[in-house]
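# Sequence plus predicted model, see below.
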Amino acid sequence: MQLARVIGTVVSTHKHQKFEGAKLLLVQPVTLDDVPRGTALLAVDSMGAGVHEKVLIVIEGRAANEALGRKGAPVDAAIIGIVDVVDVPV
């Protein structure tokens, strides 16, 4: 799992049949301090996340596929949670 911030939405009217009805969001992985790191990713959202929300993502094929709940879907990244608080004691 990784932390990420939703930075945008993606609309695709023509897509693989396993993605019909699935929401696609553009997410930017972030550090614990909310600093962007790495490249933005396209993720399938089954949690109802919105732009600017901090989320938990998986970027492994099997885990992402299971998060979508559709066997055989070609998924690389999925949103598996919406983060309320990150608390790191010092």
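Yes, it's here. Nothing here was measured: the structure is a model prediction, and the numbers come from that model. Numbers count the residues shown, from 1 in each chain.

# What count of nearby residues applies to Leu26?
A count of neighbours around Leu26, defined by other CB atoms under 10 Å, yields 16. (C-beta placed from N, C-alpha, C; glycine too.)

# Just give me the longest strand of this protein.
The longest strand of the chain (DSSP state E) is strand 2-10.

# now the helices for this protein?
Here the chain has its helices, by DSSP state H, at 61-68.

# now it, which segments are flagged as low pLDDT?
18, 61-74 (pLDDT under 70).

# mind listing the strands for it?
Counting by DSSP E, the chain has strands at residues 2-10, 23-29, 41-45, 54-58, 78-82.

# OK, contacts around His52?
For His52, the contact set (CB atoms under 8 Å, 6 or more residues apart in numbering) comprises 5-7.

# re earlier: can you lay out the strands of the chain as CSV showing distance to Val35?
Formatted as CSV, the strands of the chain follow (distance: least, CB to CB, whole Å):
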stretch, distance to Val35
strand 2-10, 10
strand 23-29, 10
strand 41-45, 16
strand 54-58, 12
strand 78-82, 20
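
# one step back: just the C-alpha atoms of the longest strand of the chain, please, in CSV.
Taking Å, rounded to 0.1, in the frame of the first residue of the first chain, the C-alpha atoms of strand 2-10 are listed here in CSV:
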residue,chain,number,x,y,z
GLN,A,2,1.0,3.6,-0.6
LEU,A,3,-0.3,7.0,0.3
ALA,A,4,-1.4,9.2,-2.6
ARG,A,5,-3.4,12.3,-3.3
VAL,A,6,-6.2,12.4,-6.0
ILE,A,7,-5.2,15.0,-8.5
GLY,A,8,-7.7,14.6,-11.2
THR,A,9,-10.3,12.5,-13.0
VAL,A,10,-10.1,10.5,-16.2
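
# Fine, thanks again, bye for now.
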